[in-house]
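[1] pasting the structure only:
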């Protein structure tokens, strides 16, 4: 994947997560510029952890474009909420799913380029995809999405496996990306729509 | 800013946050040496994140002085509490505000010296200033200060903007530092005293 | 300590924490692959922070063995729970204590090899030992073990001091390791069995 792809995907992913962070901050009545902190942590958290783990320069410190994208998305979301204050929770979840899918892909790609094997790369992708939303939920004292039985981490891992499969088959990069993106978002939103569950343990303890 | 300045400010900031962490641990009845962990996380968290993001050696790993300052401040605070167990919550908030202001300045300075632009530097300053207290609140299961409408993040950002303004005007370093410090502490403590609020969203949802 | 020792201890420590994360996830009814995320965060969190702070390559990114150990331990634990769903909480606490003791030792050793003094090394050991379990507790919205008065951080610090003492006395590595391991696990499990407490503050506020 070329640097341009990275750059564009990162810009979009960051903006999506910034919107999702702002929306949750609004819902949770976070005061003043606390919303900006929550949104920034959501947008920049996952990618920062990825770059630290891979021992690469942290993306938003190396290139201010990502901060412009983050702050721009926050300001637009705030203006939007001022005129349409009844935002459906559905959009928050959709934005979060797409952001997660994008960061998942970037995490895998960056990891492979850094020379790791596929197991590490998929782990890195899921870490990157989940971490921003996890920080957001912890700061806002929400039950982390990861804990709920709504195929959150599962969707991310499935998207990673889809990427690995397409990559191994020698499919062109752009189709690896689209295939992984579609898998993650489809499983996540499908689980929310049709109430899909996945029971790793026996269901005994659900009385 | 010379290395000596950095060193001294860091020593003071670390001690202030260590005291604030110890006080919150005391209030929350954290058991045994858990108080030391909470205080260390508060004192060292923000600066560690800053150094990791800037890809510099982590300050307390490179120089043991910061640990001596942290542990010294913890021991003194514990002795103090033993004799004066009814510490006013006001001091906790004041110490936190000054610590935040100091780490804000160090974050901005270190970022600028590292070659970043002003937008990244102000973001780094706020990150550094807020993160230690955020970890403290999360560990102690407090509502994070960032979430409350008491101009916490806002004070930090305002202090960063004050620094940027004075810096751009070519004011000597020491005045940049003092101006930023005063702005952050004044806005934060003023908000607590006079109940200042900042409404980013329309107030519709506050019924 | 040779690299082989490191490798083996790390593999074991990672597996212990992975089991403890899976067990807590099971208890807290974390849905689907969320359990895997919680277990990975527990297993890899402390060591990742250690390597980042010491500016060394993150262990599980540099060598996939640690991920194999983590995933293997998770799968075995899940299979185990399916057949024996009534796991005693005692095992969770014991595994956590041993994992903590192991990571404590690795943190101290790696820090000393990196050239730091003993104060920094003990701090690094405790950080490494505690951090994985802390993330686990925060994600699962448990009261962090560190906060409770059950000699958790205290056991880790005591294990560090035991290591430092034996190391200073020139005792062979393997006995430093065993002495520290025994101290940490004994104090931690003893506190749980016999309800040992440590009162740093006066007991006035316990009415």
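    The structure has been received and is ready for your questions. Just so you know, these numbers come straight off a predicted model, no measurement behind them. Numbers count the residues shown, from 1 in each chain, chains lettered A, B, ... in the order given.
[2] near chain B, which residues of chain A show up?
    Contacts of chain A with chain B, taken as Cβ under 8 Å from any Cβ of the partner chain, map to A:26, A:28-38, A:40, A:48, A:52, A:57-58, A:60-61, A:64, A:67-68, A:71, A:78, A:81-82, A:85, A:138-141. For the C-beta atoms, the positions are set from N, CA and C on the backbone; glycine is no exception.
[3] How about the contacts made by residue A:70?
    A:14-15, A:18, A:39-40, A:43-44, A:60 (Cβ atoms under 8 Å, 6 or more residues apart in numbering or on different chains).
[4] Please, which helix or strand holds the residue nearest the centre of chain A?
    The centroid of chain A falls nearest to residue A:100 when counting by Cα atoms, centre = their mean (2.1 Å). Using DSSP states H and E, residue A:100 sits in helix A:89-113.
[5] now residue A:22
    Per DSSP H and E: residue A:22 is located in helix A:3-27.
[6] distance of residue A:188 from chain B?
    26 Å (Cβ to the nearest Cβ, to the nearest Å).
[7] Ok, residue A:103 next?
    To chain B, residue A:103 is 17 Å away according to Cβ to the nearest Cβ.
[8] what do you get for residue A:128?
    Taken as Cβ to the nearest Cβ, the span from residue A:128 to chain B is 16 Å.
[9] what's near enough to touch the nearest residue to that residue once chain neighbours are set aside?
    Among residues not flanking residue A:128 along the chain, residue A:107 sits closest, at 3.2 Å (Cβ to Cβ, 6 or more residues apart in numbering or on different chains). Neighbour list for residue A:107: A:46, A:50, A:121, A:124-129 [criterion: Cβ under 8 Å, 6+ apart].
[10] and if you look at residue A:177?
    Contacts of residue A:177 by Cβ under 8 Å, 6+ apart are A:1, A:5, A:9, A:105, A:163.
[11] number of nearby residues for the fourth one?
    Number of residues near residue A:105 (other Cβ atoms under 10 Å in any protein chain shown) recorded here: 30.
[12] thinking it is in contact with residue A:164, fair?
    No. Taking Cβ atoms under 8 Å as the definition, residue A:105 is not a contact partner of residue A:164, at 11.4 Å.
[13] Name the residues contacting each of the two.
    Common neighbours of residue A:105 and residue A:164 (Cβ under 8 Å, 6+ apart) do not exist.
[14] May I have the phi/psi pair for residue A:37?
    When read as degrees, to the nearest 10, the backbone of residue A:37 gives phi -60, psi -50.
[15] do the same with residue A:198
    Backbone torsions of residue A:198, given as degrees, to the nearest 10, read phi -140, psi 120.
[16] Now do the SS call for the nearest residue to it once chain neighbours are set aside.
    Using Cβ to Cβ, 6+ apart and skipping the chain neighbours, the partner closest in space to residue A:198 is residue C:32 (3.9 Å). What DSSP: H, G, I helix; E, B strand; the rest coil gives for residue C:32 is coil.
[17] what does residue A:55 give?
    coil.
[18] shouldn't it be in contact with residue C:57?
    Yes. Counting by Cβ under 8 Å, residue A:55 does reach residue C:57; the two are 6.2 Å apart.
[19] so how far is residue B:135 from the residue nearest to residue A:128?
    24 Å (Cβ to Cβ, to the nearest Å).
[20] Next, the contact list for residue A:74, please.
    Contacts of residue A:74 by Cβ under 8 Å, 6+ apart are A:18-19, A:21-22, A:35-36, A:39-40.
[21] now those residues in a markdown table, with neighbour count and pLDDT?
    Written out in a markdown table, the entries for the contacts of residue A:74 read as follows (neighbours: other Cβ atoms under 10 Å in any protein chain shown; pLDDT from 0 to 100):
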| residue | neighbour count | pLDDT |
| --- | --- | --- |
| A:18 | 31 | 94 |
| A:19 | 25 | 93 |
| A:21 | 36 | 92 |
| A:22 | 32 | 91 |
| A:35 | 27 | 90 |
| A:36 | 26 | 91 |
| A:39 | 28 | 93 |
| A:40 | 26 | 94 |
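[22] Export the residues you listed as JSON lines, with columns for distance to residue C:186.
    Output for the contacts of residue A:74, formatted as JSON lines (distance: Cβ to Cβ, whole Å):
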{"residue": "A:18", "distance to residue C:186": "49"}
{"residue": "A:19", "distance to residue C:186": "51"}
{"residue": "A:21", "distance to residue C:186": "45"}
{"residue": "A:22", "distance to residue C:186": "50"}
{"residue": "A:35", "distance to residue C:186": "48"}
{"residue": "A:36", "distance to residue C:186": "48"}
{"residue": "A:39", "distance to residue C:186": "47"}
{"residue": "A:40", "distance to residue C:186": "44"}
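[23] Tell me the predicted confidence for the residue in chain A positioned nearest to chain C.
    When scored by Cβ to the nearest Cβ, chain A has residue A:149 as its residue closest to chain C, at 2.3 Å. We note a pLDDT of 73 for residue A:149 in this prediction.
[24] How many residues are close by it?
    Residue A:149: 20 surrounding residues under other Cβ under 10 Å.
[25] could the contacts of residue A:74 go into a markdown table alongside distance to chain C?
    Conversion of these to a markdown table gives the following (distance: Cβ to the nearest Cβ, whole Å):
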| residue | distance to chain C |
| --- | --- |
| A:18 | 23 |
| A:19 | 23 |
| A:21 | 18 |
| A:22 | 23 |
| A:35 | 22 |
| A:36 | 23 |
| A:39 | 20 |
| A:40 | 20 |
